[in-house]
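Peer 1: turn this into a structure:
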Amino acid sequence: MAESQPTGGPPTAALVERALAGDLEAFTKLVRDHQDPAYATALLMLRDRGRAQDAVQDAFLVAFANLGTLRSPQAFGAWLRQIVRHQARRIVRRQPLEASLDEATASSASDPADTAERRDMLRRILRAIDELPEGEREATILFYLKDQSQKTVASLLHLPLTTVNNRLHAARARLKGELLPIMERTLAQSALPADFADAVGQIVRVAGATANGVSAALARLGARPSGTEPLETGIKVIDLLCPMTQGGSVGLFGDPRVGKLVLVEEITHNIGKRRGQPIIFTFVKAPDEVDVYAELLADAGPLPTVVIAAEEASEVALQAATPFLDVAVFMSRHLVKDGIYPAINPSQSWSRLLDPAFVGSEHWEVAQGVLKALGDIEDSGSTGARARRIRNFLSQPFFVAEAYTNRSGAYVPRRETIAAFAELLAGSYDHLPEASFLMRGRLPAP
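Peer 2: Here you go, the predicted structure:
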């Protein structure tokens, strides 16, 4: 049966044809129309919101790259769900799901995307839904995930409204008990971000545009020549230790689920929306595609800030990309386990721009002092305690994660960041507990 357009506007087949012709807005519309069923599929398989979001994002990027292989454009939704299932299985194979979930729940570290209690409740609800018959299962999770109407669910599933109503009624009868009253709230809290389609569209927009001509992408995004001073992001660890400049190239490396997408979204929020600075993010899975990226840069010259989100921080990828990068940001799973977000590894990350001639002598001296201090984290005395305060203060809450952390995002001006770390290095805050510096924008009261 041919798929219909679930939310009005052009039908799916027409959107696929337009996307194949290079209309990236059409593909963004496809993402928006099909993201909820795709996410529901991933969530039931993985029973973890973060992993499900990763699987769906990867699935849409795979779908975009392989649209030409889709024989029947009207079957896009079913084809996409097959890709989602494949991506979810890859995640399960990469790291045994239950073991990783149990470890995350037992950890004492603070997870900015969720709480252990909420994760546990979500797993319980998803297990209960998973035991329903298939038809009831799909209708239930779509209905509660975003507080959808029965009519919307019927459209998404391409079913008569009466069929959906009957399935929801049967599911409620099976789920009666303590889970039913809290299901709506828990699933609503686990929904995709409101701007998910736009974020994926931006990734696709840049990736697709660079494949067809870097100059056209730069023109659309209003690119300007490289800057002559640091580009303030409001993110302390980046502004202090990995300074960027407008038009520079930035490599973002790290294992899956260490917060790469969240970091990209926060940089976009702070620079693209708050400052109006154009910025390009190119997602490349190193090392396979890094040669393509290198050729694009060599042909086109410096791009506006380019972030490469690699699946693995491999030496091959780094060596291939290094000649073209101004900044390399490495993200660490160990820091995630310690509750340090963003999980940027200062000792491995670097910036060619961290030079007194570019950032100024004060900035450079404070940055060098911080890097030297971080080498003493394992020390059991006062030197180690100061190092851990500094490490903790490199974390901060993000605006784009406010809905999940229940903490207000923090934008810290570069000059304030430099002054704060200078005080920490001087020992002005040695009397305060190490934990009081974790996940905050500004220094605590002395």
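Peer 1: from now on I want contacts and neighbour counts done on CA atoms only, so please keep to that.
Peer 2: Noted.
Peer 1: got the contact list for residue 233?
Peer 2: By Cα atoms under 8 Å, 6 or more residues apart in numbering, residue 233 lies in contact with 239, 267, 270-271, 411.
Peer 1: also residue 269?
Peer 2: Contacts of residue 269 (Cα under 8 Å, 6+ apart): 399-400.
Peer 1: give me the distance between it and residue 122.
Peer 2: 28 Å (Cα to Cα, to the nearest Å).
Peer 1: sorry, back to before: let's have the contacts of residue 233 in JSON lines, adding pLDDT, secondary structure and neighbour count.
Peer 2: Output for these, formatted as JSON lines (pLDDT from 0 to 100; DSSP: H, G, I helix; E, B strand; the rest coil; neighbours: other Cα atoms under 10 Å):
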{"residue": "239", "pLDDT": "97", "secondary structure": "helix", "neighbour count": "24"}
{"residue": "267", "pLDDT": "83", "secondary structure": "helix", "neighbour count": "22"}
{"residue": "270", "pLDDT": "83", "secondary structure": "helix", "neighbour count": "21"}
{"residue": "271", "pLDDT": "80", "secondary structure": "helix", "neighbour count": "18"}
{"residue": "411", "pLDDT": "95", "secondary structure": "coil", "neighbour count": "19"}
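Peer 1: could I get those residues as a markdown table with distance to residue 429?
Peer 2: Shown next, in a markdown table, are the contacts of residue 233 (distance: Cα to Cα, whole Å):
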| residue | distance to residue 429 |
| --- | --- |
| 239 | 21 |
| 267 | 29 |
| 270 | 28 |
| 271 | 31 |
| 411 | 21 |
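Peer 1: which one of these is nearest to residue 197?
Peer 2: Using Cα to Cα, the shortest approach to residue 197 within those belongs to residue 267, at 17.3 Å.
Peer 1: thought residue 80 was touching residue 60, still the case?
Peer 2: Yes: in terms of Cα atoms under 8 Å, residue 60 counts as a neighbour of residue 80; the distance is 7.4 Å.
Peer 1: which residues outside the longest helix seen in the chain are in contact with it?
Peer 2: Scanning the chain for the helix with the most residues, using DSSP state H, yields helix 24-46. The contact list for helix 24-46 (Cα under 8 Å, 6+ apart) reads 5-7, 12, 15-16, 18-19, 49, 52-53, 55-56, 60, 64, 77, 80-81, 84-85, 88, 92, 97, 126-127, 130, 138, 141-142, 145, 156, 192, 196-198, 200-201, 204-205, 208.
Peer 1: any low-confidence regions in the stretch 301-446 of the chain?
Peer 2: 301-325 (pLDDT under 70).
Peer 1: all helices of it, in order?
Peer 2: For the stretch 301-446 of the chain, the helices defined by DSSP state H, counting those that start in this stretch cover 315-321, 333-337, 356-359, 361-374, 382-393, 402-405, 414-425.
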